[in-house]
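> take a look and give me a structure for this.
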Amino acid sequence: MDSEQDLSRMLMGFSISEESWLDLVKSKWNLQKAMAWANARLQEVETLSTETQKAYLRVMITLYGSSPKGVGMAEAN
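Okay, here's the model as predicted:
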């Protein structure tokens, strides 16, 4: 996704709240990294139905957008 228009379309098309998206951007440190992360998650489920892809992305953003290290990720100690 290359533009603000693509971002808006994705958020609306995937029913992702602006708050959830902003949490993800914050946890990934910037918009480009958040976009790359979201695209990578979609590639993980690209062979599944569109509705499943949407649900998966919403769940992943909810889980990982709220925590910079991601939910359930082990500490690197």
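> which of the helices or strands spans the nearest residue to Val25 once chain neighbours are set aside?
Leaving out its chain neighbours, the residue that sits closest to Val25 by C-beta to C-beta, 6 or more residues apart in numbering is Ala34, at 4.3 Å. (C-beta placed from N, C-alpha, C; glycine too.) Following DSSP states H and E, one finds Ala34 within helix 31-44.
> and the residue nearest to Val25, how many neighbours?
When counting by other C-beta atoms under 10 Å, one arrives at 22 neighbours for Ala34.
> ditto for the one 3 residues further on
Using other C-beta under 10 Å, Trp37 has 18 neighbouring residues.
> which one is it nearest to, not counting chain neighbours?
Using C-beta to C-beta, 6+ apart, the closest residue to Trp37 is Lys28 (5.6 Å).
> what's the local residue count around the closest residue to Leu31 other than its chain neighbours?
Of all residues not flanking Leu31 in the chain, Val25 sits nearest, at 5.5 Å (C-beta to C-beta, 6+ apart). For Val25, the neighbour count with other C-beta under 10 Å is 18.
> start at 59 instead
Sure thing, new numbering starts at 59, so read that last one as Val83.
> gap between Val83 and Gln63?
Look at Val83 and Gln63: by C-beta to C-beta, to the nearest Å, they are 17 Å apart.
> and the helices in this structure?
62-71, 76-86, 89-102, 108-123 (DSSP state H).
> export the ones you listed to JSON lines and tack on mean pLDDT?
JSON lines is the format used below for the helices of the chain (pLDDT from 0 to 100):
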{"stretch": "helix 62-71", "mean pLDDT": "74"}
{"stretch": "helix 76-86", "mean pLDDT": "89"}
{"stretch": "helix 89-102", "mean pLDDT": "91"}
{"stretch": "helix 108-123", "mean pLDDT": "91"}
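> please identify the buried residues of the helix holding Ala92?
Neighbour counts over helix 89-102 (16 or more other C-beta atoms under 10 Å) mark Ala92, Met93, Trp95, Ala96, Arg99, Leu100 as buried.
> which helices and strands does it pack with?
When contacts are defined as 3 or more C-beta pairs under 8 Å, 6 or more residues apart in numbering; DSSP states H and E, helix 89-102 packs onto helix 62-71, helix 76-86, helix 108-123.
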